[in-house]
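A.B. asks: Dropping the sequence and predicted coords here.
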Amino acid sequence: MPPSCHLAIIRLRGEKTMKRTVFAASIVGLVLVGFGTASGQAPSSDKSEHYSQAQLKQMTLAAHTPEQYKALASSYTKQQSYFLRQAAEEKQEWERRSANIVSVNAKYPRPVDSARYLYEYDAYKASEAGALSLKYAQLGGTTAP
C-alpha cells in the first residue's frame, strides 16, 4: 500500500474515536443535567400558586363559593402585577428605541414599533386581569385588592 493510504486510514480511525468521545461526553452531560434537575426541584410550601390558563378557565366554571372566588381574584391580581411589570419594562425599551429612529423608509415593523406593540399588549393584559380580579373579589365578598 502506498503511504497516502495509511494516512487516510489513520485519519478515519481518529475521526471515529473523536465521534465516540463526543457522543460519550454528551450522554454523560445529559445524565448529569437530568440528575441535577431531579434533585434540585423541591416542592414549594408557598401558598401562592400559579395557575395555567386552562386551570383558571376550569376554576372559573367551577367557582361557587366565596373562597373559590377569592382564589380567582388573587390569581388575577398576581397576573395583573406581572403584566404591569412587563409593561414597565417594555415602555423603557420603547423609549430607548424611540431615541434611535434612523430612517423614515425603514422596513416595517421597525424595532420601535415592536417595542410599542409589546407595551400595548402587556398594558391591555394588565387591565384585563385587573377587571377580572375586581369582578371575582366582589363575587367573593371582599374589597378590591
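C.D. replies: Cool, got the structure.
A.B. asks: tell me the domain ranges of the protein?
C.D. replies: The chain breaks down by automatic domain parsing into domains covering 1-40, 53-139.
A.B. asks: could you pull out the helices for the chain?
C.D. replies: Assigned by DSSP state H, the chain shows helices spanning 3-40, 53-62, 66-98, 111-139.
A.B. asks: coming back round to it: can you tell me which of the domains of the chain the model trusts least?
C.D. replies: Looking over these, mean pLDDT reaches its minimum on domain 1-40, with a mean of 61.
A.B. asks: ok, Leu61 - how many residues close by?
C.D. replies: 8 (other C-beta atoms under 10 Å). Every residue, glycine included, has its C-beta placed from N, CA and C.
A.B. asks: can you check Asp113 too?
C.D. replies: Counted with other C-beta under 10 Å, Asp113 comes out at 13.
A.B. asks: next one: the one 3 residues further on
C.D. replies: Arg116 has 19 neighbours, counted by other C-beta under 10 Å.
A.B. asks: Then Gln138?
C.D. replies: Other residues near Gln138 come to 13 when the count uses other C-beta under 10 Å.
A.B. asks: And for Ile101?
C.D. replies: With neighbours defined by other C-beta under 10 Å, the count for Ile101 comes to 11.
A.B. asks: show me what contacts it?
C.D. replies: Contact partners of Ile101, counting by C-beta atoms under 8 Å, 6 or more residues apart in numbering, are 110, 112.
A.B. asks: Having no further points to raise, I will conclude here.
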